[in-house]
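J.: Give me a model of this one.
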Amino acid sequence: MLKTEIALIPAYEPNQLLVGLAERLFKTGFSVVVVDDGSGPDYADVFRQAEAYAEVISYTPNCGKGCALKAGLDYIAARCDKKSVIVTLDCDGQHTVEDAVRVASCALAHPDALTLGVRTLGPGTPVRSRFGNSVTRTVYRLSTGLHVSDTQTGLRAFGAELLPQMAAIEGKRYEYEMNVLMECPRRRIPIREVPIQTIYLEGNRASHFHPLRDSFLIYGNIIKFAASSLTGFAIDYSLYSLLTVLLGPLGAAAIPISNVAARVVSAGVNFTINKKFVFKNRDSVWKTGAQYFVLAACILTGNTVLLSFLVNTLGANRFAAKLVTEVTFFTLSWLAQRFWIFRKKAARTEKITTRGTHRLPGRME
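T.: Below is the predicted model of the structure:
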């Protein structure tokens, strides 16, 4: 049986920092679980050394940080007490044992919440990390309506009662941690924040984050919304073109009839995609459908008015004006659907402002 405080460390191609971290956590009173995410034979010696202080799970091939975390969660779920708390840490030296203790203390007091160890991302933070965190904070707030100070922190803690929910969240690589944050408001899981030290070793060179691949996974919600909009546009334009040819004998009436019919069909497809796959909304189809078509009518009217104003009143280039108009109403459509039509009640984020060290019950000196 594992102890009440459990440290979970996913590791891919680690160095000796992993061994030192596992040793300090073990001597502080944690049960330590390390997951070897397919690092290969070149790193077997590091994991053998870590076994003196941790229970090591290994598998091949490399599957990603999300898979490693969930493998560790499954292992812990079968061996922990219901009152246990699980603390996840990165293996690259970014997290101190003292901060792990403080985050675990908060989780012990609030086991039903996700506790985040949040960093102060100041001038000493690598540009890539500062920029990435800024973007993900903005995307997260737009997607959930909830502010989180550090969306990319790997130092997190929660009570064992949340293990089934955490293990069920989708994601194989770095997107898993963002998916956890996205799911918390949907599952009514509060988020609490504890300030921690900001540590980057050698400009965070040890990170295995792949900017293009992992950014695509993390920002998937926005990308899916854009893809849905493009699909709607393609259907709208194609159907409009086809109907104008088929209804040509009607003369001038063919244009408005074709335009309205194409918009109705494309709006229906766009609504279905957004409800089921982008926002994963479970509210009544009739309620959200009525709201969506009110929004669609408003956007159609506003789009026409703004485009006409830019071109006819301000004398803007009609192609540039069309681009500005579409970007404007794409943004407004996203916000309206996220916070009005497909909105979900967000859990609160609570911040712990004290910075003193807290010891867990039974903690060794």
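
J.: In space, what's closest to Leu306 - neighbours in sequence excluded?
T.: Once flanking residues are discounted, Leu306 sits nearest to Thr325: 5.1 Å by C-beta to C-beta, 6 or more residues apart in numbering. (C-beta placed from N, C-alpha, C; glycine too.)

J.: tell me, how many neighbours does the one you found end up with?
T.: Here the number of neighbours of Thr325 (other C-beta atoms under 10 Å) works out to 21.

J.: Over to Ala168?
T.: So Ala168, with other C-beta under 10 Å, has 11 neighbours.

J.: what sits against it?
T.: Residues in contact with Ala168 (C-beta atoms under 8 Å, 6 or more residues apart in numbering): none are found.

J.: Phe233 versus that one, what's the distance?
T.: Using C-beta to C-beta, to the nearest Å, Ala168 is found at 35 Å from Phe233.

J.: Could you look up the SS state of the residue nearest to Lys275 when sequence neighbours are not counted?
T.: In space, and not counting its chain neighbours, Lys275 is closest to Asn281: 5.0 Å by C-beta to C-beta, 6+ apart. Here Asn281 is recorded as coil under DSSP: H, G, I helix; E, B strand; the rest coil.

J.: Tell me how far Pro61 lies from Gly40.
T.: 9 Å.

J.: Which one's more surrounded, these two?
T.: Set Pro61 next to Gly40 and count neighbours by other C-beta under 10 Å: Gly40 wins out with 12 against 8.

J.: ok, the more buried one touching Glu13?
T.: Yes - using C-beta atoms under 8 Å, Gly40 is in contact with Glu13, at 7.5 Å.

J.: for Gln152, phi and psi?
T.: Dihedral angles of Gln152 (phi, psi; degrees, to the nearest 10) stand at phi -110, psi 10.

J.: quick one: contacts for the closest residue to Leu89 other than its chain neighbours?
T.: Closest residue to Leu89 apart from its sequence neighbours, by C-beta to C-beta, 6+ apart: His95 at 4.6 Å. Residues near His95 by C-beta under 8 Å, 6+ apart: 21, 89, 117, 154-155, 196, 199.

J.: List the ones among those residues that fall in helices.
T.: Taking DSSP state H, the ones among the contacts of His95 that sit in helices are Leu21.

J.: so which of the contacts of His95 comes closest to Ala267?
T.: Using C-beta to C-beta, the shortest approach to Ala267 within the contacts of His95 belongs to Gly154, at 41.3 Å.

J.: Select only the buried ones of the contacts of His95 in PyMOL?
T.: In PyMOL, a selection of the buried entries from the contacts of His95 looks like this (16 or more other C-beta atoms under 10 Å):
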select buried, resi 21+89+117+154+155+196
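
J.: In the stretch 151-300 of the chain, where is pLDDT below threshold?
T.: Along the stretch 151-300 of the chain, the parts satisfying pLDDT under 70 run over 199-223, 225-226, 255-256, 279.

J.: how about the helices in it?
T.: Ranges of helices in the stretch 151-300 of the chain, per DSSP state H, counting those that start in this stretch, are 163-168, 175-186, 211-218, 220-246, 254-273, 285-308.

J.: picking up where we left off before, so the residue nearest to Leu89 sits in a strand?
T.: No - read with three-state DSSP, His95 is coil and lies in no strand.

J.: ok, now how distant is it from Phe158?
T.: In this view, His95 and Phe158 are 16 Å apart by C-beta to C-beta.

J.: Now the helix or strand where Thr325 lies: buried residues?
T.: In this structure, Thr325 sits in helix 318-336 according to DSSP states H and E. Within helix 318-336, the residues scored as buried using 16+ other C-beta under 10 Å are 321, 325, 329, 333-334, 336.

J.: which among the residues you listed gets closest to Ala107?
T.: Looking across the buried residues of helix 318-336 and measuring by C-beta to C-beta, the closest to Ala107 is Trp334, at 33.7 Å.

J.: What pLDDT does the model give the closest one?
T.: Listed pLDDT for Trp334 reads 75.

J.: try Cys63
T.: At Cys63, pLDDT is 93.

J.: can you tell me which residues contact it?
T.: If a contact means C-beta under 8 Å, 6+ apart, then Cys63 has 37-38, 172 as its contacts.

J.: And Leu25, how far from Thr151?
T.: 24 Å.

J.: So for these two, which residue has more residues nearby?
T.: Taking other C-beta under 10 Å, Leu25 and Thr151 do not tie; Leu25 has more neighbours (25 against 22).

J.: what's near enough to touch the more buried one?
T.: 7, 32, 53-54, 89, 97, 100.

J.: Excluding chain neighbours, what is closest to Glu326?
T.: Closest residue in space to Glu326, ignoring its immediate chain neighbours: Asn303 at 7.7 Å, by C-beta to C-beta, 6+ apart.

J.: Can you give me the pLDDT of that neighbour?
T.: 74.

J.: Let the chain start at 410 from now.
T.: Sure, I'll start counting at 410 from here, so that last one is Asn712.

J.: ok, it - how many residues close by?
T.: Asn712, neighbours per other C-beta under 10 Å, totals 17.

J.: can you pull the contacts of it?
T.: Listed by C-beta under 8 Å, 6+ apart, the contact set of Asn712 reads 734-735, 738.

J.: Asn679: which of those residues is nearest?
T.: Nearest to Asn679 out of the contacts of Asn712 is Phe738 (C-beta to C-beta; 13.0 Å).
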